[in-house]
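Enquirer: just coords:
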């Protein structure tokens, strides 16, 4: 084997700790005497502060097995370059059930703002272990399949996703991947399904191999190789037909280690979308940001941020060009235990109040967030260094979310690492009607301005 020398540098204020950049007090090794910049003092924000203390972070250089050139973040799209970033947009077939202005139908998709549409979701039949429609009333009777697939005529690639959080409950996906005969029957059903409805491929969203709905005690270790075998066999069936094969995958180191054979999967997927969101939510029983880009003081887990997750996937052997960074078009909401304690990591007693349109506790579409904040009575706290997006609080309600500048920063992060592009969850959660005063689709439009050079005025934060 060839020996490989790899160098890793951390931003000012952080030090290398075996596999990632960490706070100095967690690192048990000496610091080089030739360090030219002294780290600033780090202080956890006081509850009365409106701005967390600054700490400059840039994309870290955790190397992968095949080193790539990683330029500094660029704010200007490189038009005409060989880089063609994907913007993969999830369409959900249940958003049309929302009331009034929250209703989202296929014709609300702006074809200029996506390179690929993934239709969510088809599901796995628990008896036959074959693919089937999730909601035939929407998918078939109201022709949602047909109406979304029609976007192929505008140059977009349209695939269908199988799985999702709810469909990942129980043992059925494990039974599928562990049975070679079942895998072949599944593949036959998928080929017939995509041909019948006109989809151009399949997106696998089993959450997750070995770690069913993040519980790694439920699955069997053999599911890791079973999943890799399914992906290989799907790829072999898809390639002659020029069908696309992709996956939405966990950002969690624990799940990645347990459930994903990254080098094998990377051979066969056209892209791997890392769901770098939902790092924190009301289930933590304390406040936290839905999708931090970097770790901030007080966050006990150095792995719970997009920077670590993306670099860990790269370090495990995924090519940068196949990795997409997931970005949330929504916020996580909390009910505070004490409305006078509203900082990060303060106690919460459950999900925040349900939104008028999305109607699910602990979850608010971006357009619901900006409407709430815009109506007054809310305080918004931003990190000057952009390590995390803002949070807003009013009374005992607390919301964390990404605003336009945070999405722009993540798109620049994607450029800086020369990733494959970005993924958004989901089309129906951005301000698709332009009710917040920033124009239509402000978050998605910002991604496209940064990654694809889509013209238009740069949007400011909407909250």
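Expert: Arrived safely, thanks for sending. Quick caveat, the model's predicted, so the values are computed rather than measured.
Enquirer: what number of residues lie near residue 233?
Expert: 16 (other C-beta atoms under 10 Å). Quick note: C-beta positions are derived from backbone N, CA and C, even for glycine.
Enquirer: spit out the contact partners of it.
Expert: Counting by C-beta atoms under 8 Å, 6 or more residues apart in numbering, residue 233 makes contact with 183, 184, 187.
Enquirer: out of those residues, who's nearest residue 93?
Expert: Proximity of the contacts of residue 233 to residue 93 (C-beta to C-beta) peaks at residue 187, which lies at 23.3 Å.
Enquirer: ok so, going back, make a ChimeraX selection of the buried ones in the contacts of residue 233.
Expert: Filtering the contacts of residue 233 down to the buried ones (16 or more other C-beta atoms under 10 Å) takes a single ChimeraX command:
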select :183,187
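Enquirer: so where's the stretch 301-450 of the chain shaky on pLDDT?
Expert: In the predicted model, the stretch 301-450 of the chain carries no residue with pLDDT under 70.
Enquirer: hey, where'd the helices end up in this protein?
Expert: For the chain, the helices defined by DSSP state H occupy 136, 144-149, 172-177, 180-197, 223-238, 253-259, 262-268, 306-315, 366-374, 404-416, 442-452.
Enquirer: name the residues of the fifth one that are buried.
Expert: In this case it means helix 223-238. 223-224, 226-231, 233-235, 237-238.
Enquirer: which one of those is nearest to residue 169?
Expert: The shortest approach to residue 169 among the buried residues of helix 223-238 belongs to residue 223, at 15.1 Å (C-beta to C-beta).
Enquirer: show me what contacts that closest one?
Expert: Residue 223 sits next to 174, 177, 178, 209, 210, 259 when contact means C-beta under 8 Å, 6+ apart.
Enquirer: ok, and the most crowded of those residues?
Expert: residue 209 leads the contacts of residue 223 on contacts (other C-beta under 10 Å) with 31 neighbours.
Enquirer: relative to residue 177, how far out is that residue?
Expert: As defined by C-beta to C-beta, to the nearest Å, residue 209 lies at a distance of 7 Å from residue 177.
Enquirer: find residues that contact each of those two.
Expert: 223, 226, 227.
Enquirer: could you chop the chain up by domain?
Expert: The chain breaks down into these domains under automatic domain parsing: 86-329+403-452, 334-398.
Enquirer: from the chain's centroid, how far away is the longest one?
Expert: Domain 86-329+403-452 has its C-alpha centroid displaced from the chain centroid by 8 Å (C-alpha atoms, centre = their mean, to the nearest Å).
Enquirer: next, the distance between the ends of it.
Expert: 8 Å (C-alpha to C-alpha, to the nearest Å).
Enquirer: still on that earlier bit, nearest to residue 388, out of the helices of the chain?
Expert: Here helix 404-416 is closest among the helices of the chain (C-beta to C-beta), at 7.8 Å.
Enquirer: residues touching the most centrally placed residue in the chain, list them.
Expert: Geometric centre of the chain, nearest residue: residue 326, 2.4 Å, by C-alpha atoms, centre = their mean. Going by C-beta under 8 Å, 6+ apart, residue 326 touches 248, 251, 273, 274, 275, 276, 277, 422, 423, 424, 425.
Enquirer: which one of these is nearest residue 341?
Expert: Out of the contacts of residue 326, the member with the shortest distance to residue 341 (by C-beta to C-beta) is residue 277, at 24.8 Å.
Enquirer: surely the closest one and residue 329 touch.
Expert: No - using C-beta atoms under 8 Å, residue 277 is not in contact with residue 329; the gap is 9.5 Å.
Enquirer: more crowded one of these two?
Expert: Counting neighbours by other C-beta under 10 Å for residue 277 and for residue 329 shows that residue 329 has the greater number, 27 against 24.
Enquirer: what's around the closest residue to the more buried one other than its chain neighbours, how many residues?
Expert: Spatially, and ignoring its direct neighbours in sequence, residue 329 is nearest to residue 429 (3.8 Å; C-beta to C-beta, 6 or more residues apart in numbering). Residues within reach of residue 429, counting by other C-beta under 10 Å, total 28.
Enquirer: repeat that for residue 141.
Expert: By the measure other C-beta under 10 Å, the count of residues near residue 141 is 9.
Enquirer: find me the pLDDT at it, would you?
Expert: If you check residue 141, the pLDDT there is 99.
Enquirer: quick check: it vs residue 99, distance?
Expert: Relative to residue 99, residue 141 is positioned 20 Å away (C-beta to C-beta).
Enquirer: ok so, going back, what would the helices of the chain look like in JSON lines with distance to residue 92?
Expert: As requested, the helices of the chain are arranged in JSON lines below (distance: least, C-beta to C-beta, whole Å):
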{"stretch": "helix 136", "distance to residue 92": "16"}
{"stretch": "helix 144-149", "distance to residue 92": "10"}
{"stretch": "helix 172-177", "distance to residue 92": "20"}
{"stretch": "helix 180-197", "distance to residue 92": "17"}
{"stretch": "helix 223-238", "distance to residue 92": "23"}
{"stretch": "helix 253-259", "distance to residue 92": "23"}
{"stretch": "helix 262-268", "distance to residue 92": "25"}
{"stretch": "helix 306-315", "distance to residue 92": "22"}
{"stretch": "helix 366-374", "distance to residue 92": "14"}
{"stretch": "helix 404-416", "distance to residue 92": "19"}
{"stretch": "helix 442-452", "distance to residue 92": "14"}
